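Participant: Sequence plus predicted model, see below.
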Amino acid sequence: MKQCPVCKTTYTDETLRFCLNDGTNLVSLPDVAETVQMSFDKNPVRINIPPDSTPTVFTPPISNQPVKKGVSPAVVGILVGLLVIMIIGFAAFAAFVAFKSDGDKNTIVANSTKPTPTASQTATPDDQNAELKEKLANLEKQVQDQKNRKNKTTVETFSTPQSSTITTARVNSPGDGFLALRTEPSSETGERITKIPHGATVTVVGCPRPSNVGKMRGRWCQITYNGQSGWAFDAFMIFN
């Protein structure tokens, strides 16, 4: 056997040279003496006990006092935690109730500050109908005024030709074969009164409005043909 002189660890492996704990060189221990087995006599000693003797049995005294048991720290911790949670919950509920009551008060105050509509401000169905009728009448008046201004402009255009000299012209429209006589000096808004054949002679009263028809540039002229008056584009006419 070997032993470490520092930590006193004993090793039975004879091949070890160093201590496995601190690395100190091991020291060999002297051989331990063999265990001597005690020998007993073949004739054992007998002790005679009188038959009337009763062995004494020791009985511990019984105490009537209750045994006191301590409270577990874990139980104490759980109880304390529950108490803290209850206190926090009660405080949060009280704060919520106080906040809600303040909000209700503010709502009541805000509603109380709104002006109450008087009888004159409350519109009845009859008043609303009268107001709608008035608006419709105004719109109809505006539309009628626009029509009157438009008709007035057309009449003035007809009555104020560029030149007071009345001349004649010959229709030159070989592609379509006719020249359209219109109610207004416009190919979009003016309605066609009649078709003047190609080569026909028309009377030109005046050409006061230069304009464009598609890519062609010219003038809208007030003309008469077969007793009908209207407008025609002079790009399709040859003046005499």
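Facilitator: That came in fine, so what should we check first?
Participant: for this protein, what's the longest strand?
Facilitator: strand 201-213 (DSSP state E).
Participant: List the buried residues in it.
Facilitator: Residues of strand 201-213 classed as buried: 202, 204-208 (neighbour count, 16 or more other CB atoms under 10 Å). Every residue, glycine included, has its C-beta placed from N, CA and C.
Participant: can you redo those as TSV with distance to Ile223 and pLDDT?
Facilitator: Converted to TSV, the buried residues of strand 201-213 look like this (distance: CB to CB, whole Å; pLDDT from 0 to 100):
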residue	distance to Ile223	pLDDT
Val202	5	95
Val204	5	94
Val205	7	91
Gly206	9	89
Cys207	9	89
Pro208	12	81
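Participant: Looking at those, which is nearest Phe93?
Facilitator: Pro208 (89.8 Å; CB to CB).
Participant: can you pull out the strands in this protein?
Facilitator: 2-3, 10-11, 27-28, 167-171, 178-182, 192-197, 201-213, 216-225, 228-233, 237-239.
Participant: would a markdown table of those strands with distance to Pro125 be doable?
Facilitator: As requested, these are exported to a markdown table (distance: least, CB to CB, whole Å):
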| stretch | distance to Pro125 |
| --- | --- |
| strand 2-3 | 118 |
| strand 10-11 | 115 |
| strand 27-28 | 122 |
| strand 167-171 | 63 |
| strand 178-182 | 49 |
| strand 192-197 | 49 |
| strand 201-213 | 52 |
| strand 216-225 | 53 |
| strand 228-233 | 51 |
| strand 237-239 | 62 |
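Participant: Out of those, which is closest to Val76?
Facilitator: strand 10-11 (47.5 Å).
Participant: Give me the residues contacting that closest one.
Facilitator: Strand 10-11 is contacted from outside by 1-4, 20, 26, 29, using CB atoms under 8 Å, 6 or more residues apart in numbering.
Participant: Kindly report the same for stretch 217-225.
Facilitator: The contact list for stretch 217-225 (CB under 8 Å, 6+ apart) reads 157-158, 161, 169, 181, 185-186, 194, 196, 200, 202-212, 229-235, 237.
Participant: can you check stretch 16-36 too?
Facilitator: Stretch 16-36 is contacted by residues 1-7, 9-11 when judged by CB under 8 Å, 6+ apart.
Participant: Counting neighbours, which bits of it end up buried?
Facilitator: For stretch 16-36, a neighbour-count test (16+ other CB under 10 Å) marks 19, 26 as buried.
Participant: Restrict that stretch to CA atoms and write it as CSV.
Facilitator: The C-alpha trace of stretch 16-36 is given here as CSV (Å, rounded to 0.1, in the frame of the first residue of the first chain):
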residue,chain,number,x,y,z
LEU,A,16,1.0,4.4,-8.7
ARG,A,17,3.9,6.8,-8.0
PHE,A,18,2.1,10.2,-7.6
CYS,A,19,-1.0,11.3,-5.7
LEU,A,20,-4.0,11.8,-7.9
ASN,A,21,-5.1,14.8,-5.9
ASP,A,22,-2.0,17.0,-5.5
GLY,A,23,0.7,15.1,-7.5
THR,A,24,2.9,14.4,-4.4
ASN,A,25,5.2,11.4,-4.5
LEU,A,26,3.5,8.5,-2.7
VAL,A,27,5.2,6.8,0.3
SER,A,28,5.0,3.0,0.8
LEU,A,29,3.3,1.9,4.1
PRO,A,30,4.5,-1.0,6.2
ASP,A,31,2.5,-4.2,6.0
VAL,A,32,-0.4,-4.4,8.3
ALA,A,33,-0.3,-7.3,10.7
GLU,A,34,-2.8,-10.0,10.1
THR,A,35,-5.9,-10.1,12.1
VAL,A,36,-5.5,-12.7,15.0
